[in-house]
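Engineer: need the 3D shape of this:
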Amino acid sequence: MRLGDTIDDHCSRCKRTTDHAIVAVAGDDVVKVVCRTCNAEHKYRHNKTGKKEMTAEQAFQKVLASVTGHLTSAVTQHRPMMVT
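Structural biologist: Below you'll find the predicted structure:
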């Protein structure tokens, strides 16, 4: 990578992954970048947000809580009905 090249990285000001221009390198490693959307300069984060990604279960619980108004266990809510 060279100075001025475009690279994707997480921008803490934009709160999302955006195009960045490389402004500092050390050997072959990118050290600093500048966001091409908001012009914020920061160290290269390797496109990591610092937050863990939600599991499918956590995402389901979040959506369920937003619909019902409270957090419940998906296991207890989705019991199959017994047909006799």
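
Engineer: can you pull the contacts of the most centrally placed residue in the chain?
Structural biologist: Nearest to the geometric centre of the chain sits residue 49, at 5.2 Å (C-alpha atoms, centre = their mean). Residues near residue 49 by C-beta atoms under 8 Å, 6 or more residues apart in numbering: residue 10. Heads up, the C-betas are built off the backbone N, CA and C, glycines and all.

Engineer: state the helix or strand in which it lies.
Structural biologist: Of the helices and strands defined by DSSP states H and E, none includes residue 49.

Engineer: how close does it sit to residue 55?
Structural biologist: 16 Å (C-beta to C-beta, to the nearest Å).

Engineer: any weak-confidence spans in the chain?
Structural biologist: 50-53, 70-84 (pLDDT under 70).

Engineer: quick one, helices of it?
Structural biologist: 56-68, 74-77 (DSSP state H).

Engineer: any idea which of those is most buried?
Structural biologist: helix 56-68 (a mean of 11; mean count of other C-beta atoms under 10 Å).

Engineer: what helices and strands are in contact with it?
Structural biologist: Packing contacts for helix 56-68, counted by 3 or more C-beta pairs under 8 Å, 6 or more residues apart in numbering; DSSP states H and E, involve helix 74-77.
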